[in-house]
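Colleague: Below are the sequence and a predicted model for it; my questions follow.
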Amino acid sequence: MKSDSSPFTVKGSRRVLTVVGARPQFIKSAALTRSLKGSGWKQWLVHAGQHVDDDMGLDFLSELHVPMPDARIRPSQSGRSQRLSDMMLGVAEQIESVNPSAVVVYGDTDATLAGALAAHHAQVPLVHVEAGLRSGDRGMPEEHNRVLTDQLSDLLCTTGPEATRQLLKEGVSKERISEVGDVMLDVALAAKLLVHGRFPPLWPKEASQVLAVTMHRPATVDDPSKLKSALDVLSSWAERTGGQVYFPIHPRTKGNMERFGLNLPARVIDPGPLGYIDMQAALFHSDRVLTDSGGVQKEAWFQGTSAVILRSTTEWRELIKLGASELFDPEKLKASEGASELLERLAFDRTVPNVVGSGLFGEGQAAPRVLSALETFLT
Ligand code: UDP
């Protein structure tokens with residue numbers, strides 16, 4: 001394990017050490033980074049190195065005006081435990097040299113848990129942004145990361161009332177909870193201003209309808225029969241509607257397609273991994289979304305498009321209640337009836353309610369609220 005860094009020069013007590021390690025966390029951190037600017041706070045951004053592929057990690061930072069990380073940990077990629085422990089030790093070293101007044105972690109990855117453990121061991125106040133989310137699926141490593149990080153956190157910033165209620169139910173005292181909204185909405189709304197006239201690479205402008213797709217979770221793409229069935233559904237959808245499918249294929253999914261001998265069906269376009277703004281543009285311009293991603297299911301709604309979520313559970317139940325999205329268990333894809341059912345679901349087009357005015361997810365004000373919760377908490 002190696003860690004590259006330069007010494008932190010800021011003196012004084014208002015400094016925060018932020019741990020990010022995977023693409024969604026860089027995106028989430030963009031909102032708070034913007035709020036911190038000019039606030040008197042300094043941030044030290046640590047890249048814990050969970051994603052090693054730079055296409056997936058760093059190339060979109062400039063688009064989001066997020067500075068490059070101040071320190072980069074290079075954990076061993078030889079196994080989950082080794083990687084977790086390398087990330088934790090790397091963050092611990094950073095905490096020791098930076099001496100921050102608080103550590104901020106986002107979401108539910110192994111980098112989140114590594115940052116949380118390191119802050120806890122160093123007895124530095126820990127802030128968890130996106131606290132209290134539960135899918136109820138204990139088979140997901142992310143679910144364990146969420147629960148453990150929440151247990152260790154001192155200030156728990158939630159995205160909405162469901163997450164707040166969950167924490168109260170688990171015995172977290174209400175003084176430690178701040179319901180701020182979703183920082184991803186802050187970033188998505190900023191992106192929405194840019195996407196009207198912008199089309200992502202290879203966008204099928206002439207198509208009558210476009211289905212935007214992302215799939216990368218093991219539960220969808222690691223089983224050859226499910227992955228084949230999902231690709232068949234995309235092909236049938238395009239044939240049936242005369243539309244085109246826009247599918248930026250995740251490296252994991254691409255690797256599996258090669259291994260399982262599965263080709264990209266006709267009328268399905270793969271532009272390769274997209275920059276964040278291009279991804280938002282794809283969601284904005286598409287007619288329907290199919291995704292198994294935690295972030296994209298919300299972003300579809302943020303950009304005004306309804307989604308079928310290829311998962312049996314979601315930690316974003318608001319989306320289902322609101323009628324913006326519906327769940328579809330990928331296990332069903334093992335049977336041909338399941339594939340037909342998914343095709344029917346994708347055909348059903350629904351209009352989604354507006355984000356602004358919904359009262360949900362903080363309506364774009366989550367990051368300033370995290371900052372003010374942090375200030376209140378530390379005084
Ligand atoms: N994303 C992106 N380009 C892509 C695919 C995804 O910028 O080609 C963004 C997506 O909009 C979301 C984030 O990456 O904000 C996380 O999505 P991903 O599917 O990688 O992970 P998950 O949300 O399931 O953790």
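Modeller: Right, received. Where do you want to start? For clarity, every value in this text was computed on a predicted model and none was experimentally measured. Numbering: from 1, shown residues only.

Colleague: Could you use CA atoms for every contact and neighbour count after this?
Modeller: OK.

Colleague: so what's the spatially closest residue to I177 that is not a sequence neighbour bridging to?
Modeller: In space, and not counting its chain neighbours, I177 is closest to L156: 4.8 Å by Cα to Cα, 6 or more residues apart in numbering. L156 has the following beta-bridge partners by DSSP bridges: H128, I177.

Colleague: pLDDT value on L156, please?
Modeller: pLDDT for L156: 98.

Colleague: Surely it and D150 touch.
Modeller: Yes: here L156 reaches D150: they are 7.0 Å apart, a contact under Cα atoms under 8 Å.

Colleague: For the two, list the residues in contact with both.
Modeller: Common neighbours of L156 and D150, counting by Cα atoms under 8 Å, 6 or more residues apart in numbering, are 128, 131-132.

Colleague: end-to-end on stretch 242-259?
Modeller: End-to-end span of stretch 242-259 (Cα to Cα, to the nearest Å): 30 Å.

Colleague: same question but for stretch 347-357, I mixed them up
Modeller: Stretch 347-357 has its terminal residues 28 Å apart, counting by Cα to Cα.

Colleague: S225 against K334, yeah?
Modeller: Yes: applying Cα under 8 Å as the test, S225 and K334 come out as touching, 6.0 Å apart.

Colleague: Might you list the low-confidence residue ranges for the stretch 1-150 of the chain?
Modeller: Counting by pLDDT under 70, the ranges of the stretch 1-150 of the chain that qualify are 1-13, 52-60.

Colleague: Return the residues of it in contact with the ligand.
Modeller: 23-24 (Cα under 6 Å from any ligand atom).

Colleague: For A339, identify the helix or strand it belongs to.
Modeller: A339 is part of helix 336-347 when elements are defined by DSSP states H and E.

Colleague: And that helix, what's buried?
Modeller: Of all the residues in helix 336-347, those buried under the rule 16 or more other Cα atoms under 10 Å are 338-340, 342-343, 346.

Colleague: Check stretch 286-306 too.
Modeller: 286-293, 296-306.

Colleague: Stretch 210-229: how far from the chain's middle?
Modeller: On the basis of Cα atoms, centre = their mean, to the nearest Å, stretch 210-229 sits 18 Å off its chain's mean C-alpha point.

Colleague: can you check stretch 194-205 too?
Modeller: Counting by Cα atoms, centre = their mean, stretch 194-205 comes out at 22 Å from the chain centroid.

Colleague: And stretch 84-93, by the same measure?
Modeller: Centroid displacement of stretch 84-93 relative to its chain, using Cα atoms, centre = their mean, is 22 Å.

Colleague: More neighbours: L156 and D150, which one.
Modeller: Higher neighbour count among L156 and D150: L156, with 31 against 27, using other Cα atoms under 10 Å.

Colleague: immediately after the helix or strand N256 falls within, which helix or strand?
Modeller: Assigned by DSSP H and E, N256 belongs to helix 251-260. Using DSSP H and E, the next helix or strand after helix 251-260 towards the C-terminus is strand 268-269.

Colleague: Which strands or helices does that next one pack on?
Modeller: When contacts are defined as 3 or more Cα pairs under 8 Å, 6 or more residues apart in numbering; DSSP states H and E, strand 268-269 packs onto helix 224-241, strand 244-246.

Colleague: Quick one: list the elements packing against the helix holding N256.
Modeller: Taking 3+ Cα pairs under 8 Å, 6+ apart as the contact cut, helix 251-260 packs with helix 224-241.

Colleague: May I have the helix it packs on as CSV, with CA atoms only?
Modeller: In CSV, the C-alpha atoms belonging to helix 224-241 read as follows (Å, rounded to 0.1, in the frame of the first residue of the first chain):
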residue,chain,number,x,y,z
PRO,A,224,-24.7,-15.4,-17.7
SER,A,225,-28.4,-16.3,-18.0
LYS,A,226,-29.6,-13.0,-16.4
LEU,A,227,-27.2,-10.9,-18.4
LYS,A,228,-28.2,-12.6,-21.6
SER,A,229,-31.8,-12.2,-20.8
ALA,A,230,-31.4,-8.5,-20.0
LEU,A,231,-29.6,-7.9,-23.4
ASP,A,232,-32.4,-9.8,-25.2
VAL,A,233,-35.0,-7.5,-23.5
LEU,A,234,-33.1,-4.4,-24.8
SER,A,235,-33.1,-5.9,-28.3
SER,A,236,-36.8,-6.7,-28.1
TRP,A,237,-37.6,-3.3,-26.8
ALA,A,238,-35.8,-1.6,-29.7
GLU,A,239,-37.5,-3.9,-32.2
ARG,A,240,-40.9,-3.4,-30.8
THR,A,241,-40.8,0.4,-30.4
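
Colleague: List the buried residues of it.
Modeller: Buried residues in helix 224-241, defined by neighbour count with 16+ other Cα under 10 Å: 224, 226-238.

Colleague: got CSV for these, with pLDDT too?
Modeller: Listed next are these as CSV, based on pLDDT from 0 to 100:
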residue, pLDDT
P224, 97
K226, 97
L227, 98
K228, 97
S229, 97
A230, 98
L231, 98
D232, 97
V233, 98
L234, 98
S235, 97
S236, 97
W237, 97
A238, 97
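
Colleague: And the helices in the stretch 251-379 of the chain?
Modeller: Assigned by DSSP state H, counting those that start in this stretch, the helices in the stretch 251-379 of the chain fall at 251-260, 276-285, 294-302, 317-322, 336-347, 366-378.
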